[in-house]
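Trainee: Predicted model follows, preceded by the sequence.
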Amino acid sequence: MDKLKSMTDEVLIRTFANGDNQAFDILLNRHKNRVFTYILLVVRNRDLAEDIFQEAFMKVIVTLKEGRYTENGKFYAFVTRIAHNLIIDHYRRERNENTISNDAFTDVDLFNNAKLSDETIVDHMVRNQVHMDVRNLMQHLPENQLEVVRMRFYEDLSFKEIADRTGVSINTALGRMRYALLNMRRMAQENHLSLVY
């Protein structure tokens with residue numbers, strides 16, 4: 001087990017794909033807190049976050065077992081993308097359940113026709129507003145936190161790349177990101193801003 005703990009994500013993935021389930025336990029323990037925190041920050045509901053977290057890692061297991069994982073060195077990004085897609089799917093399902101249908105009344109479905117819907121325009125406006133609010137909040141971050149957020153979300157750099165570029169350890173880069181997100185969330189709450197679209 002100690003030998004497994006020292007392995008990189010990529011070696012653990014290969015080891016798990018070859019039948020060693022303990023390798024996946026190490027991967028899960030290594031990334032579970034960050035992935036769960038990401039999901040919880042987005043959905044703001046612990047029960048829902050736990051459901052999405054479990055579903056995300058079930059999809060990860062299937063993908064690894066089927067040998068379809070190809071993202072060398074980016075396991076956390078891979079898991080987070082799966083979780084993000086599941087969050088989007090959840091909100092789409094929720095929105096569709098609240099949609100009124102006129103299928104029984106006419107051959108043309110006027111209520112659910114995306115081309116005739118103002119919802120897409122509203123979604124676009126909300127998304128733009130959220131992005132603008134996030135950019136405004138970022139301007140109030142300390143310079144070292146702003147730098148990490150910009151590199152991670154606007155330049156799509158890994159935390160290792162950020163650490164190399166800024167001359168700090170990966171843990172320091174992760175810490176700056178964590179504090180940046182906490183600060184932005186606090187500022188959003190103080191200013192009654194919703195950063196979910």
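Mentor: Yep, it's here. Numbers count the residues shown, from 1 in each chain.

Trainee: in stretch 148-164, what's buried?
Mentor: Taking 16 or more other CB atoms under 10 Å as the neighbour-count basis, stretch 148-164 is seen to contain the buried residues Val148, Val149, Met151, Arg152, Leu157, Ser158, Phe159, Ile162, Ala163. Where C-beta positions appear, they are placed from N, C-alpha and C, glycine not excepted.

Trainee: what helix or strand is the fifth one on?
Mentor: Taking DSSP states H and E as the criterion, Leu157 maps to no regular element, lying outside all helices and strands.

Trainee: Enumerate every residue touching it.
Mentor: Contact partners of Leu157, counting by CB atoms under 8 Å, 6 or more residues apart in numbering, are Met151, Arg165.

Trainee: Next, it: phi, psi?
Mentor: When read as degrees, to the nearest 10, the backbone of Leu157 gives phi -90, psi 150.

Trainee: if we can go back for a sec, just send the buried residues of stretch 148-164 back as JSON lines, with secondary structure and distance to Thr80 too.
Mentor: Rendered in JSON lines, the data for the buried residues of stretch 148-164 read as follows (DSSP: H, G, I helix; E, B strand; the rest coil; distance: CB to CB, whole Å):
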{"residue": "Val148", "secondary structure": "helix", "distance to Thr80": "16"}
{"residue": "Val149", "secondary structure": "helix", "distance to Thr80": "15"}
{"residue": "Met151", "secondary structure": "helix", "distance to Thr80": "16"}
{"residue": "Arg152", "secondary structure": "helix", "distance to Thr80": "11"}
{"residue": "Leu157", "secondary structure": "coil", "distance to Thr80": "14"}
{"residue": "Ser158", "secondary structure": "coil", "distance to Thr80": "12"}
{"residue": "Phe159", "secondary structure": "helix", "distance to Thr80": "12"}
{"residue": "Ile162", "secondary structure": "helix", "distance to Thr80": "16"}
{"residue": "Ala163", "secondary structure": "helix", "distance to Thr80": "18"}
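
Trainee: out of the residues you listed, which one sits closest to Ile61?
Mentor: Proximity to Ile61 was ranked across these by CB to CB; first place goes to Ser158, at 23.2 Å.

Trainee: Go through the buried residues of stretch 148-164 and say which is closest to Arg186.
Mentor: Distance to Arg186 across the buried residues of stretch 148-164 (CB to CB) is lowest for Val149, with 14.6 Å.
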